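Undergrad: Pasting the sequence and the predicted coordinates here, then a few questions.
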Amino acid sequence: MCGQAEHGRFRIMSVNRRRVNDRPPRLYDLTGLQKDMSRMYGMTAARTLAALQHLYELKLATYPRTDSRYITHDDLETLTALLESGRLAQGFVTREGIPGHPRPELAVNDAKVAGHTAILPTMQLDAGKLEGLDDDERKVMTRIVRRMWEAVGDDHVHIVTEVKARLSDDTDREFSSRSDETVSAGWKAVETGHGPEPEDEETANPAGGRNVIPSNLMEGGVIRPVGKVTAEEGETRPPKPFTEATLLAAMEHASRCVEDKNLKAALDDDESHSGGIGTPATRADTIEKLVRSKLVERKGRQLHATTEGERLTDVVEPRLKDVLLTARMEQALSDVEHGKRGPSEVMDMFHREALRIPADATANLKADAVTRTANTDAQEWGDCPRCGQPVRKTGRMWQCSTNKTEKTKDGKWATTAGCGWKMFARIAGKTITDQTARRLLAGQSVTLKGFTSKSGKKFDAAIRIDKERGTAFDFDR
C-alpha cells in the first residue's frame, strides 16, 4: 500500500470546510479551577483550594467554595470596573490578549447563581501584589485573572477542513485528512505564549507542525504523488488512569453514568444542590482522604487504586459503588423540596439505608473471608520462595501462608507475623493470571506482553519470582 501511495495519484472524493465560532468559556467555579490547575500545572485539588482560600483571606479573590460559574446583574458593575481599571491587564496578560470590546454581560445569569457567584479577582489586586504570594498562590491568582479576560473576550474563530480521498487505481481504501486553521484567536489569545497548549492529535503532523490543507483543494481534483509514505501499526488503548482533573470532572458529571432520565435530572440539578458526586468544597478532601488511607496512590499526575483499594471495592456492597444510590437520594430530597414527599418519610428511608450499610459490609467481609479460605484450601499454588511454606491467594495477591495481617489503629493493614513474602497480581500495569502465577511459583521465567513503563510506554519482558521483592524483571532472558 505504501508503494501505491508514493507513486500513485489521489482523487479527492469530498472536501468539507466549515467556519467554527467557539464561544468564550464561563468564569470559574471551584471545581473548574481545580481541573485546570491540575491539567496545566499538576497541582492537586487540595493545593489549589488551599491557595485560593489564602487569596480569599487576603481579600484578593472572591469566595472560593462556589459551584456557580456566573455573576448576577448586581455584580455587573464590579466586573466592568475590574475590566476598565487596567490594573488587571499589565502583568497578567499580553496586549494581544486584551479584547478590543470586552463583553461582561456574557458572565451574567441570575438564574444560575443560587448562593455565591463565580470566582473573580477583587479591586484590591494588581500585578504588584503577586510578588508577595507563594508559587501556588501566584499561579492560581494569575489563572483567575486570565479566565476573567477569557470569559468576556471575542469568539475564537477557526476553519475546520476535512478531506477524503482515494488512490486513482484503488476504490476500496479511503484516506482522510483534517486541518484546523485559526482565523481569529479571540479569547484564546489570553493564554497564548504563557504555556504549552494541548496537542490536537487529529490535526497534528507526525513530521512536526500542523496539517495545512490548501484552500484551493476541490472535490474531484487529483493530487500528484506525495513522496515518501510510511505505515504505522497501532492498537486500541485502554482508558487512561484518572488524573485529578479527569476524576473531578467524573465526579462533577456523574450523571453520565445514569440512563434513567428522572434520576439523571435529579443528579444534574444544580439549583438545589451541587450537581454530581460531592460538592466543590468536599471533592478535594475526598480525594485526599483516599490517598491518606492508602486506598489510592499518586503516580506522577495519575491516580491509581492500591491493592487495599481494590480489596475494598471487591467486598463493598455493589449498591454503594453505584452512582444510582446518590441519584435516588437526590431525587428523594428534590421530592421533599417540591412537596411530593414528606420530610419524615425521606428521613426514615435514609435512616434505614444507614443501618443497612454496616450490616451488609460485615456480611460481605465474612463472605469474602470464607471464599478466600475455601480457595486457599482447594488450590495448590506452590512453595514460598523465602521460607518454603505453601503459598495462598488472598484477594489480588499471592502470599506465604504463614503471613498474618491485622488492621492497625490508623486503619492500615500491616503484616504482624510470617515471612512476609507476597506477589501482587498487577505488575507495571499488567495483570498476572492464575496460570502465570503457577508457572512463576514453579520456578519458570515467563515472558509477557503489554507492560507499561512509568513514562507510559508499552514493553514486553520476562518476569521471575524474587524472594525479596515478590517478582523481578528477567532482562537477561
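TA: Cool, got the structure.
Undergrad: now the closest residue to residue 299 other than its chain neighbours, what's its secondary structure?
TA: Nearest residue to residue 299, sequence neighbours excluded (C-beta to C-beta, 6 or more residues apart in numbering): residue 454, at 7.3 Å. Where C-beta positions appear, they are placed from N, C-alpha and C, glycine not excepted. Here residue 454 is coil, with the state taken from DSSP: H, G, I helix; E, B strand; the rest coil.
Undergrad: And the pLDDT for residue 454?
TA: pLDDT, residue 454: 78.
Undergrad: In which helix or strand does the residue most central in space within the chain reside?
TA: Centre of the chain computed as the mean C-alpha position; nearest residue by C-alpha atoms, centre = their mean is residue 246, 1.5 Å away. Counting by DSSP states H and E, the element that carries residue 246 is helix 244-252.
Undergrad: Go through that helix and flag the buried ones.
TA: Counting neighbours by 16 or more other C-beta atoms under 10 Å, one finds that the buried residues in helix 244-252 are 244, 245, 246, 247, 248, 249, 251, 252.
Undergrad: what sits up against stretch 461-475?
TA: Identification of contacts with stretch 461-475 by C-beta atoms under 8 Å, 6 or more residues apart in numbering yields 385-386, 421-424, 427, 432, 440-441, 443-448, 451, 477.
Undergrad: What is the neighbour count of residue 44?
TA: For residue 44, the count of nearby residues is 19 (other C-beta atoms under 10 Å).
Undergrad: Give me the pLDDT value at residue 79.
TA: With respect to pLDDT, residue 79 scores 96.
Undergrad: mind listing what it touches?
TA: 71, 104, 107, 120, 148, 152.
Undergrad: What pLDDT does the model give residue 220?
TA: Taking residue 220 on its own, its pLDDT is 85.
Undergrad: Using the three-state scheme, assign it.
TA: At residue 220, secondary structure determined by three-state DSSP is coil.
Undergrad: Give me the distance between it and residue 165.
TA: Distance, residue 220 to residue 165, using C-beta to C-beta, to the nearest Å: 11 Å.
Undergrad: And for residue 175?
TA: For residue 175, the distance to residue 165 - C-beta to C-beta - is 5 Å.
Undergrad: So between those two, which is more surrounded?
TA: Set side by side, residue 175 and residue 165 show more neighbours around residue 165, with 21 against 13, by other C-beta under 10 Å.
Undergrad: for the more buried one, helix, strand, or coil?
TA: strand.
Undergrad: so how far is residue 391 from it?
TA: The spacing between residue 165 and residue 391, counted by C-beta to C-beta, is 59 Å.
Undergrad: Excluding chain neighbours, give the residue nearest to residue 134 in space.
TA: Using C-beta to C-beta, 6+ apart, the closest residue to residue 134 is residue 51 (7.7 Å).
Undergrad: still on that earlier bit, show me whatever sits in contact with both of residue 220 and residue 165.
TA: Common contacts of residue 220 and residue 165, defined by C-beta under 8 Å, 6+ apart, comprise 11, 12.
Undergrad: where along the stretch 101-250 of the chain do the strands fall?
TA: According to DSSP state E, counting those that start in this stretch, the stretch 101-250 of the chain carries its strands in the segments 156-167, 175-184, 222-223.
Undergrad: what about the chain, any weak spots by pLDDT?
TA: Low-confidence segments of the chain, defined by pLDDT under 70: 1-8, 169-171, 193-210, 225-229, 231-236, 269-274, 360-379, 407-413, 477.
Undergrad: the domain parsing of it - what is it?
TA: Listed domain ranges for the chain are 2-22+156-223, 30-151, 244-377, 379-473 (source: automatic domain parsing).
Undergrad: Need the winner for burial among the ones you listed.
TA: Between the domains of the chain, domain 30-151 has the highest mean count of neighbours, a mean of 18, where neighbours are mean count of other C-beta atoms under 10 Å.
Undergrad: end-to-end on that one?
TA: This stretch, domain 30-151, spans 16 Å end to end (C-alpha to C-alpha, to the nearest Å).
Undergrad: Could you give the separation of it from the chain centroid?
TA: Its chain's C-alpha centre and that of domain 30-151 lie 23 Å apart, by C-alpha atoms, centre = their mean, to the nearest Å.
Undergrad: helix or strand for residue 77, which one?
TA: Residue 77 belongs to helix 76-84, assigned by DSSP H and E.
Undergrad: Select, out of the strands of the stretch 101-250 of the chain, the one closest to residue 9.
TA: When the strands of the stretch 101-250 of the chain are compared by C-beta to C-beta, strand 222-223 sits nearest residue 9, at 5.2 Å.
Undergrad: What is that closest one packed up against?
TA: If you count contacts as 3 or more C-beta pairs under 8 Å, 6 or more residues apart in numbering; DSSP states H and E, strand 222-223 packs onto strand 10-22.
Undergrad: Within its sheet, name the partner strands of the strand it packs on and how each one runs.
TA: When sheet partners are counted by DSSP bridges, strand 10-22 sits next to strand 156-167 (antiparallel), strand 222-223 (antiparallel).
Undergrad: Can you lay out those as TSV showing distance to residue 18?
TA: Listed next are the strands paired with strand 10-22 as TSV, based on distance: least, C-beta to C-beta, whole Å:
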stretch	distance to residue 18
strand 156-167	6
strand 222-223	22
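Undergrad: Show me the one of these that comes nearest residue 414.
TA: Taking C-beta to C-beta, strand 156-167 is the member of those nearest to residue 414, at 54.3 Å.
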